[in-house]
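Novice: Here is a sequence together with a model predicted from it:
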Amino acid sequence: MEADGFVLNTRRKGQKGFRKAQKEHVPEDRSHVTEKDVEEAITSVQSRVSDFASQIAYLISSHLPTNAKVVQLQMYGMGPIDSRFTSGSYQMAVAFDLLTHFRKIYPPCTATFQELVIAPGEAEYLTKHGIKVLNSVSFDGKHLHEAESTFTADASQQPALVCYMIHGHWSMLDAFLAAHWTASQLSRIVIVGNSLQDVASAALLTEIPPRVLAFAKVCKEHSIEQFAGGQVGLHFTQTAVISISFDNACVLIESECVN
């Protein structure tokens, strides 16, 4: 969960983002990374994740509200994606397959990518493939609003969002939920991230935000580890597909357990 090293940035009032966990951490100089490096890394693992990605796409579909279409895929805290030896390359390869799947159903589906430190070559590669690289490290509901504003399906359908946050720190999930803290939005979001099944027990060992604890009590989740065997599984440990119904989201927001 903390292996990717991201924590909530609370040094500036009102800013909810993420930064590297290490104190006095000096980011590695990755200016040498090229678009070709990234392409080779993603291509080298693509065939290994295709079946796994299909299973995740199926689970996501089962968590979507009735008549919902994914209009945006948001990716957070993936780390370096320029080497086949990093978790980021595997996670990005799966994300690409998911995005391809969503765009077959709803071609205007957009995608965003946020990372504390991103090499120029990574940004070039992602932009080339239709993914918007965001300079900000804060969580903001405006990105979903923008995608919703251009939703062109008929009135019987509704726009949905997939939050792709593998191994993110609990405070990242807390900030993401806070940025989408309405029953309407929460009930149209599917999260691919840390399993919340044992989060209450984990709270005895580490600090977990009250919002996340409250969300964990009323959400629905399915583990994806059963589909991730071998080397692929190492990059998706304790990961699940998670969602919440509109009724449960209303109860959650009206509760007094979140300060």
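Specialist: Yes, it's here.
Novice: Can you tell me the element T206 falls in?
Specialist: Of the helices and strands defined by DSSP states H and E, none includes T206.
Novice: ok, which stretches of the stretch 101-250 of the chain are helices?
Specialist: 120-128, 142-149, 170-179, 183-186, 199-202, 210-218, 230-233, 246-254 (DSSP state H, counting those that start in this stretch).
Novice: Can you list the buried residues in the last one?
Specialist: When neighbours are counted by 16 or more other CB atoms under 10 Å, the buried residues of helix 246-254 are found to be 248-250, 252. Where C-beta positions appear, they are placed from N, C-alpha and C, glycine not excepted.
Novice: mind checking how far R103 is from T34?
Specialist: R103 sits 26 Å away from T34, going by CB to CB, to the nearest Å.
Novice: Sorry, slip of the keys, the one I care about is D174.
Specialist: On the measure of CB to CB, D174 and T34 end up 36 Å apart.
Novice: and the two? which has more neighbours close in?
Specialist: Taking neighbours as other CB atoms under 10 Å, D174 and T34 compare with D174 leading, 22 against 16.
Novice: okay, the closest residue to that one other than its chain neighbours: pLDDT?
Specialist: With sequence-adjacent residues excluded and distances taken as CB to CB, 6 or more residues apart in numbering, D174 is closest to P209, at 3.8 Å. Per-residue confidence (pLDDT) for P209: 92.
Novice: ok, now the one 5 residues further on?
Specialist: The score at A214 is 94. That number is its pLDDT.
Novice: Ok, Q226 next?
Specialist: 73.
Novice: so how far is I242 from it?
Specialist: 15 Å.
Novice: neighbour-wise, which of those two wins?
Specialist: I242 (24 against 9).
Novice: give the contact list for the nearest residue to S87 once chain neighbours are set aside.
Specialist: Closest residue to S87 apart from its sequence neighbours, by CB to CB, 6+ apart: H235 at 4.1 Å. Going by CB atoms under 8 Å, 6 or more residues apart in numbering, H235 touches 87, 90-91, 166, 228.
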